[in-house]
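Engineer: please work out how this folds:
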Amino acid sequence: MSKRSASKDPVGKVAKLLKNIDNNVDDDDDKVNDEAFIPKAASRRLEDSVDVEDDDLYRASTTGMTNEGLKDFRTEMELKVDHENRPLWVTPDGHIFLESFSPVYKHAHDFLIAIAEPVCRPEYIHEYKLSAYSLYAAVSVGLQTKDIIEYLQRLSKTTVPEDILKFIRLCTLSYAKVKLVLKHNRYFVESAYPEILRNLLQDSQIQECRLVTTGNGLDTNTIAEKARLVIPGVAAAAASATTDTPATTNEQVPDDIRRLYEKIDRDEEDMEDLKIVSFEVIQNTIELLRKRCQELEHPLLEEYDFRHDTVLKNLNIELRPNAILRPYQEKCLRKMFGNGRARSGLIVLPCGAGKSLVGVTAACTINKSCLVLCNSNVSVQQWKQQFKMWSTADDSKVRLFTSDDKEKPNDSCVCISTYPMIARTERCNAETTEVMKLLKDREWGLMILDEVHTIPAERFRKVLTIVRAHTKLGLTATLVREDDKITDLNFLIGPKLYEANWMELQNLGHIAKVQCAEVNFH
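Structural biologist: This next block holds a predicted model:
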């Protein structure tokens with residue numbers, strides 16, 4: 001990997017690629033919130049200094065216009081001989097179309113959910129779109145640049161446009177290659193790329209954050225034997241997974257696609273079998289370190305090595321035997337705990353699909369104090385009921401902090417509150433002030449943010465700085481906002497870990513079928 005810095009990055013060329021892949025961005029989108037610390041690489045699509053007439057990607061998508069106003073990509077994309085066995089079209093403007101009736105649909109769907117944003121998913125043809133944020137999420141969950149490109153090329157019915165390949169390389173060049181890990185109650189910056197850490201340590205501000213030890217070099221650690229993490233409730237999900245999707249015969253799946261899918265799946269399981277270099281950092285400089293790394297376009301991927309945290313007391317709750325995860329819920333949690341540590345990020349599931357059970361299972365897996373934030377007092381009561389239904393937590397473990405209930409959190413507990421209660425700035429009574437101080441002064445193993453799409457609001461986003469949590473899990477059914485601030489969640493919380501297709505869940509009977517009826521008023 002070549003050395004790069006924030007000042008020497010080829011912004012112009014990348015901006016051209018990004019703007020024309022995402023040419024529907026409003027002019028107001030270039031107002032980046034300083035508190036979000038959004039790296040330049042993720043916001044390059046916001047650049048407006050692009051000469052579209054000189055842009056290769058723009059020409060590729062406009063010069064082949066037919067008389068009917070359709071785009072003709074035949075000169076840019078060569079059709080493969082066995083195209084009928086491959087489920088994707090990748091267009092020069094960054095859109096990807098997937099055949100849902102393909103024998104390799106399951107493989108392709110899981111892959112596209114990881115690397116692209118869903119645009120439209122009707123019954124037969126699904127549309128996705130590549131973006132800088134979606135590619136950041138892909139590398140955050142373990143996909144490597146070469147795997148993304150190779151798998152996309154093998155799934156595509158045609159050759160993948162060269163500008164799309166350049167876009168993928170540029171967007172994944174520095175993302176998710178540096179991690180901030182809490183291990184044995186000490187903070188480490190880790191990477192599998194020694195040259196990246198050496199470049200970061202050349203920065204004076206990062207040098208000030210480093211905890212100086214006897215040696216000035218990087219610590220090297222090779223993890224030869226992994227301790228497998230068992231997520232509660234996944235056994236039944238694995239047993240029923242085969243009934244959720246139609247079986248496909250090996251004859252229908254091209255050998256190269258099947259082998260590559262197995263390879264990527266195996267690589268994700270073996271991620272810890274790497275030689276890791278690291279350096280220790282001073283705990284009270286974490287915020288400065290995080291901000292500076294993102295300015296240098298190496299955003300820290302925050303992970304929590306909860307199994308080796310001996311400071312926070314264990315919560316000592318378990319998932320009840322009747323809590324059986326569905327296959328898509330298991331996928332959510334495997335993305336969150338893919339390498340034996342807890343990743344912060346977003347999970348998008350439709351209404352009624354069991355977001356609460358995912359949150360409760362995550363809390364039981366981490367098994368440390370958990371803070372749950374909701375929109376209303378009604379949601380607080382619902383979450384309390386969900387914890388008591390699906391886990392062994394009782395009233396002594398589940399504490400409420402609302403306008404009506406101000407229960408003090410004990411040493412290790414699940415505390416459930418609302419965004420307005422935590423973010424309030426007006427004067428409050430002594431009892432509320434005391435509980436707020438207890439919430440602020442402690443560290444939480446997990447923070448669950450229900451209806452996380454409300455977090456980007458100026459009033460609520462401050463809760464992320466008021467309360468300290470090692471892992472943040474955002475849950476929502478609608479990852480949409482009218483003010484276009486939804487992308488702030490990528491760096492306020494973390495990347496999107498998983499998003500389910502509500503039509504598939506409906507067809508499989510996991511959620512209720514939608515019925516539309518016409519009502520006439522006389």
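
Engineer: going forward, measure contacts between C-alpha atoms and count neighbours the same way
Structural biologist: OK.

Engineer: so which bits of the helix or strand harbouring Ala108 are buried?
Structural biologist: Using DSSP states H and E, Ala108 sits in helix 105-115. Buried residues in helix 105-115, counted by 16 or more other C-alpha atoms under 10 Å: 105, 107-109, 111-115.

Engineer: any chance of a markdown table for those, columns pLDDT and distance to Val414?
Structural biologist: Output for these, formatted as a markdown table (pLDDT from 0 to 100; distance: C-alpha to C-alpha, whole Å):
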| residue | pLDDT | distance to Val414 |
| --- | --- | --- |
| Tyr105 | 88 | 40 |
| His107 | 82 | 37 |
| Ala108 | 89 | 38 |
| His109 | 88 | 35 |
| Phe111 | 89 | 35 |
| Leu112 | 91 | 35 |
| Ile113 | 88 | 31 |
| Ala114 | 88 | 31 |
| Ile115 | 91 | 34 |
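
Engineer: include distance to Pro161 when you put the residues you listed into JSON lines, please.
Structural biologist: Converted to JSON lines, those look like this (distance: C-alpha to C-alpha, whole Å):
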{"residue": "Tyr105", "distance to Pro161": "22"}
{"residue": "His107", "distance to Pro161": "22"}
{"residue": "Ala108", "distance to Pro161": "19"}
{"residue": "His109", "distance to Pro161": "21"}
{"residue": "Phe111", "distance to Pro161": "19"}
{"residue": "Leu112", "distance to Pro161": "17"}
{"residue": "Ile113", "distance to Pro161": "20"}
{"residue": "Ala114", "distance to Pro161": "20"}
{"residue": "Ile115", "distance to Pro161": "17"}
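
Engineer: which residues does stretch 189-203 contact?
Structural biologist: With contacts defined as C-alpha atoms under 8 Å, 6 or more residues apart in numbering, stretch 189-203 is touched by 3, 177-181, 206-207, 274-281, 293.

Engineer: so which bits of it are buried?
Structural biologist: Neighbour counts over stretch 189-203 (16+ other C-alpha under 10 Å) mark 189-192, 194, 196-197, 200-201 as buried.

Engineer: okay, and which of the contacts of stretch 189-203 map to helices?
Structural biologist: Among those, DSSP state H puts 206-207, 293 in helices.

Engineer: which of those residues ranks first by neighbour count?
Structural biologist: Counting neighbours by other C-alpha atoms under 10 Å, the top entry in the ones in helices among the contacts of stretch 189-203 is Cys293, with 19 neighbours.

Engineer: and for the spatially closest residue to Asn375 that is not a sequence neighbour, the neighbour number?
Structural biologist: Spatial nearest neighbour of Asn375, chain neighbours left out: Thr418 (5.4 Å); criterion: C-alpha to C-alpha, 6 or more residues apart in numbering. When neighbours are defined as other C-alpha under 10 Å, Thr418 has 23 of them.

Engineer: return the set of residues that bridge with Thr418.
Structural biologist: Cys374 (DSSP bridges).

Engineer: distance check, it against Val380.
Structural biologist: 7 Å (C-alpha to C-alpha, to the nearest Å).

Engineer: where do the contact lists of the two overlap?
Structural biologist: Contacts common to Thr418 and Val380, judged by C-alpha under 8 Å, 6+ apart, are 373-374.

Engineer: tell me the mean pLDDT for stretch 355-371?
Structural biologist: The average pLDDT within stretch 355-371 is 95.

Engineer: for the contacts of stretch 189-203, which PyMOL command selects only the ones that are buried?
Structural biologist: In PyMOL, a selection of the buried entries from the contacts of stretch 189-203 looks like this (16+ other C-alpha under 10 Å):
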select buried, resi 177+178+179+180+181+206+276+277+278+279+280+281+293
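
Engineer: what about the residue nearest to Met336 when sequence neighbours are not counted, neighbour count?
Structural biologist: Counting by C-alpha to C-alpha, 6+ apart, Met336 lies nearest to Arg343, which is 5.1 Å off, once chain neighbours are set aside. By other C-alpha under 10 Å, the residues close to Arg343 number 26.

Engineer: for Arg343, what are its contacts?
Structural biologist: Shown in contact with Arg343 (C-alpha under 8 Å, 6+ apart): 301-304, 336-337, 471-472.

Engineer: run through the bridge partners of it.
Structural biologist: Applying DSSP bridges, one finds that Arg343 bridges with Glu303.

Engineer: what's the first-to-last distance across stretch 470-487?
Structural biologist: Across stretch 470-487, the terminal residues are separated by 21 Å (C-alpha to C-alpha).

Engineer: and the contacts of it?
Structural biologist: 29, 133, 302-304, 342-351, 355, 359, 443-453, 456-457, 493-494.

Engineer: just the buried residues of the strand or helix carrying Trp89, please?
Structural biologist: Per DSSP H and E, Trp89 falls inside strand 88-90. Within strand 88-90, the residues that qualify as buried are 88-90, counting by 16+ other C-alpha under 10 Å.

Engineer: go on, stretch 316-333?
Structural biologist: Within stretch 316-333, the residues scored as buried using 16+ other C-alpha under 10 Å are 317-320, 323-333.

Engineer: ditto for stretch 464-472
Structural biologist: Counting neighbours by 16+ other C-alpha under 10 Å, stretch 464-472 gives 464, 467-472 as buried.

Engineer: strands of the stretch 51-200 of the chain, residue ranges please.
Structural biologist: With DSSP state E, counting those that start in this stretch as the criterion, the stretch 51-200 of the chain has strands at 88-90, 95-99, 117-120, 125-129, 179-183, 186-191.

Engineer: again, but for the stretch 301-450 of the chain
Structural biologist: 301-304, 342-343, 345-348, 370-374, 398-401, 414-418, 443-450.

Engineer: His95 is nearest to which of these?
Structural biologist: Closest approach to His95 among the strands of the stretch 301-450 of the chain is made by strand 345-348 (21.0 Å; C-alpha to C-alpha).

Engineer: neighbouring strands of the closest one in the sheet, and parallel or not?
Structural biologist: strand 468-476 (parallel), strand 496-499 (parallel).

Engineer: who does the closest residue to Leu449 other than its chain neighbours bridge with?
Structural biologist: Of all residues not flanking Leu449 in the chain, Gly474 sits nearest, at 4.7 Å (C-alpha to C-alpha, 6+ apart). Going by DSSP bridges, Gly474 is paired in beta bridges with Leu346, Leu449.

Engineer: Gly474: neighbour count?
Structural biologist: 27.

Engineer: which of the buried residues of stretch 189-203 lies closest to Asp411?
Structural biologist: Nearest to Asp411 among those, counting by C-alpha to C-alpha, is Val189 at 28.8 Å.
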